[in-house]
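**Student:** Pasting the sequence and the predicted model now:
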Amino acid sequence: MNNDMTRQKTLWMLALITLLALFLNCFQLGSQPVSEDDYYVALSAINYTESGQLGPTMWNHPCLRNIIVYWFLRAFGTGVLGAKGVSLLLGTLCTPLIGLVTQRLFKNNRIALIAALLWAVDAMVIDFSRQGINDIYLAFFPLAAIYLFFRFRESGNQAWLLGSGICFGLGLASKWSSLFPQLVTFTLLVVSIHKETKGFLSQRLVRYGHAAVLLLLVPLLVYLLTFIPWFSRGYSLAEWPALQWSMYRETSQHVGYKPKPWDDRDNKAYKWFVVPSVFVDPFMNMDSPDGGKMLPKFEDSATVVLGVANPLVWLLVLPAIGFVLRRGIRERDEGALYLAALFLITYLPFVLSPRPIWMNTSLTVLPYAIMAVACFVWSLAGCFRRAQLILALYLLAVLVVASPLYLLACGKGMRIPVMKEYLTEKYLVQIKKTMPTETGTVTPENSAAPAGNLTKDN
Amino acid sequence: MTTRRCTVTCLIIVLLTAAALVVLDRFGKGCRKVGPTGAIQSGQIVKKMADDPKEAYRIWRNAGYQGRTILYVADRWESFDPGELIPAQMFRAYPLQLYNTAKLLEDEHLSGVTLLYVASMNKIIRRIVAIMPEAEVARLTVAARKTKDYRVSDKELFVSRQAFPRWYSTGANFGGVEEPVLLYVGASYFKHAEPEELYRQLVQAGLHTDCVILCNEAGKDSVSAKEVAKLNVFARLIGISPSEQPHRTVPAS
């Protein structure tokens, strides 16, 4: 199939897709009810940055989110931009990054644009770009690091590699799962150094050391520095490993901060790309025009945000990875092998994990999955005589399916008549039982949500 | 990229990392605010009687202690769910009404039960070492086995809650603390122990402190006049006359 698209035109197209992503991520964001997670993300930011205190939400994860959200709150106030601005920004910036990284992996502008488009309209991506919690960081920082890594390889300028190391560090400081793409990238660099320095042992050793310092030590340093507020509580460096151990113990055995008041069996990572999957986030917010003096109806207060995987994309992921891996091996295609490794090394630990892994974690692997799907559909369409038409029809079908999923990702499900009954029956029965039932004045006794939403489990 | 440039970059980053480690360590230790220290019978440390834990908290607060290890001596470990202190916010609208949890807890939820939690939230303490009766340590050991981060040895129990470290032992097994502590002795401890015994155990352990607070724990169900009398005996052992208070408070440096 034809790949003759100029670099300038590609960048323009990428910019347009990024604008689309920005629009989808921003649309009516201010009117999307504030979930408990959003609220507690803001509180945790204040707690951590001002008092060095972990929690109240997700104390076992590293603390970068708290620091960035805190400064966003300081800069933009406690409105939607302060509370969710970071996720919005990083989620949107993932779109051009997906395009730029895909272009470098496959040397194909059209595959890059397809990947960017698939990312921009994905309901899971939109869902988490519109939330305060930090799962979208896990897509952004490794992607930014990989992009900078490619810039280093193109130019030889080590400042790019330093930037890559810093971004990997920021990823680690978001969640530890960022370590997987970091190790894959480090391995690729070591392999390429090995090839380039045949017969020059001392040069090889120095460059190994250089790679280790920039892609292992720098991220560790960045990670460590995000604990400055914790050190301000009087802790010494000798006490820091015990903190990491506690975090590790909780994370490795985590089964949820509280039991979920709905059927919560959809928490196996192997299912993500095998059956249609959904991330469920129901919550109550009795926000009312009179400032909360009167309780609104239950249905008017309930929001169910659903991150539904677009089956036309997600169910292609495993065949696409198989295809990319095969291509990498047969054609000794470094880009394809790198992508397959990024996906597999990041995804398999989740699949093999004995503890529940909820679907929000899929954002860690989704960038690589979508890049592989873009390459797969491009190559598959190329097998047909009317390749461009088939590709266009596929993308159109993806957009058609994505449209209703978008409404669900924005929490509009309860406003859709048929969906309202379905969502209430499926996710809200238990929550409803614990809520004040009558429409009336709020008293101190019933003003506290007894169960409400639960923090995301990771 | 030349080998020389690679080497220089590596050296700079390694040195910067080493410097960062040293600076972070010194920064953390520098955040600890400690007054003049000495053994518990020393005349240069702050020694005070308090009627209830709130008063004890205010003494720590006013003296400016921060980042400290507390040696907490009482008859039982008070358990509560911090999540229930501040109910989940039912109304959440922009602009969000946010607050500093530590400050809110200090202003509205300080009590004998929450004392240590509030002190930890407000950076006064960073570690807890507790001396408890044997039965209480045994009860806590059973409870700890259901948690994810704990260690049990012959001498003590270690448990962390949301990474906040806590050690529990009996007076007989108490092996001292490697740094000066804030010492809090509640009258309730003497329901099961004698003041001379505790005094001997603390002295033998080589305890160093800058602030001793002896708390009557007024209102606590396990405290009667008998326990308060024993607390007064302990006070005299360490050089406080219960009637001649308050003692001087030296600002922490």
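**Tutor:** Yep, that arrived.
**Student:** So what's the gap between stretch B:117-134 and the chain middle?
**Tutor:** 3 Å (CA atoms, centre = their mean, to the nearest Å).
**Student:** Revised request: answer the last question for stretch A:6-21.
**Tutor:** Distance of stretch A:6-21 from the chain centroid (CA atoms, centre = their mean) equals 22 Å.
**Student:** Mind checking the pLDDT average for that stretch?
**Tutor:** Throughout stretch A:6-21, pLDDT has a mean value of 96.
**Student:** For the nearest residue to residue B:94 once chain neighbours are set aside, give me its contacts.
**Tutor:** Nearest non-adjacent residue to residue B:94, counting by CB to CB, 6 or more residues apart in numbering or on different chains: residue A:79, 4.6 Å away. Bear in mind the C-beta positions are built from the backbone N, C-alpha and C, glycine included. Residue A:79 makes contacts with A:30, B:94-96, as judged by CB atoms under 8 Å, 6 or more residues apart in numbering or on different chains.
**Student:** May I ask which two of those residues are separated the most?
**Tutor:** The span of these, defined through CB to CB, is set by A:30 and B:96 at 12.2 Å.
**Student:** Among the two, which residue is more densely surrounded?
**Tutor:** Using other CB atoms under 10 Å in any protein chain shown as the criterion, residue A:30 and residue B:96 rank with residue B:96 on top: 21 against 11.
**Student:** Does the closest residue to the more buried one other than its chain neighbours lie in a helix or a strand, and which?
**Tutor:** Nearest residue to residue B:96 in three dimensions, chain neighbours excluded: residue A:78, at 4.1 Å (CB to CB, 6+ apart). Counting by DSSP states H and E, there is no helix or strand that carries residue A:78.
**Student:** Could you double-check that residue A:78 sits in contact with residue B:94?
**Tutor:** Yes: Residue A:78 is within contact range of residue B:94, at 7.1 Å (criterion: CB atoms under 8 Å).
**Student:** pLDDT weak spots in the chain?
**Tutor:** Assuming you mean chain A. Within chain A, the ranges that satisfy pLDDT under 70 run A:1-3, A:257, A:259, A:261-266, A:287-295, A:435-458.
**Student:** hm, I was asking about chain B
**Tutor:** For chain B, the stretches flagged by pLDDT under 70 are B:242-253.
**Student:** could you measure the residue positioned nearest the centre of it against chain A, distance?
**Tutor:** Taking CA atoms, centre = their mean, the centroid of chain B lies closest to residue B:70, which sits 2.6 Å from it. Relative to chain A, residue B:70 is positioned 12 Å away (CB to the nearest CB, to the nearest Å).
**Student:** how about the residue of chain A at minimum distance from chain B, what does it touch?
**Tutor:** Closest contact between chain A and chain B, by CB to the nearest CB, is at residue A:234 (1.7 Å). The contact partners of residue A:234, by CB under 8 Å, 6+ apart, come to B:28-29, B:31-32, B:66-68, B:123, B:126.
**Student:** Please enumerate the helices of the stretch 1-150 of chain A.
**Tutor:** For the stretch 1-150 of chain A, the helices defined by DSSP state H, counting those that start in this stretch cover A:7-26, A:36-51, A:64-76, A:80-106, A:109-120, A:123-129, A:137-155.
**Student:** how about the lengthiest helix in chain B, does it get close to chain A?
**Tutor:** Counting residues, the longest helix in chain B under DSSP state H turns out to be helix B:3-30. Yes: judged by CB under 8 Å from any CB of the partner chain, helix B:3-30 comes into contact with chain A at B:3, B:5-7, B:9-10, B:13-14, B:16-17, B:20-21, B:24-25, B:27-29.
**Student:** now swap in stretch B:193-213 and tell me
**Tutor:** No: contact between stretch B:193-213 and chain A is absent, the nearest approach being 14.0 Å (criterion: CB under 8 Å from any CB).
**Student:** For that stretch, buried residues please.
**Tutor:** For stretch B:193-213, a neighbour-count test (16 or more other CB atoms under 10 Å in any protein chain shown) marks B:193, B:195, B:198-199, B:201-202, B:205, B:207-213 as buried.
**Student:** Put the alpha carbons of that stretch into CSV.
**Tutor:** This file holds the C-alpha atoms of stretch B:193-213, laid out as CSV (Å, rounded to 0.1, in the frame of the first residue of the first chain):
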residue,chain,number,x,y,z
ALA,B,193,3.1,-2.8,86.4
GLU,B,194,5.0,-1.0,89.1
PRO,B,195,6.7,2.3,88.7
GLU,B,196,10.0,1.2,90.1
GLU,B,197,10.0,-1.7,87.6
LEU,B,198,9.4,0.6,84.6
TYR,B,199,12.0,3.1,85.8
ARG,B,200,14.6,0.4,86.1
GLN,B,201,13.8,-1.0,82.7
LEU,B,202,14.1,2.4,81.0
VAL,B,203,17.3,3.2,82.8
GLN,B,204,18.8,-0.2,82.0
ALA,B,205,17.9,0.2,78.3
GLY,B,206,19.9,3.5,78.3
LEU,B,207,17.0,5.5,77.2
HIS,B,208,17.8,9.1,76.1
THR,B,209,15.0,11.7,75.7
ASP,B,210,14.4,15.4,75.6
CYS,B,211,10.8,15.4,76.7
VAL,B,212,9.0,13.2,79.2
ILE,B,213,5.3,13.5,79.6
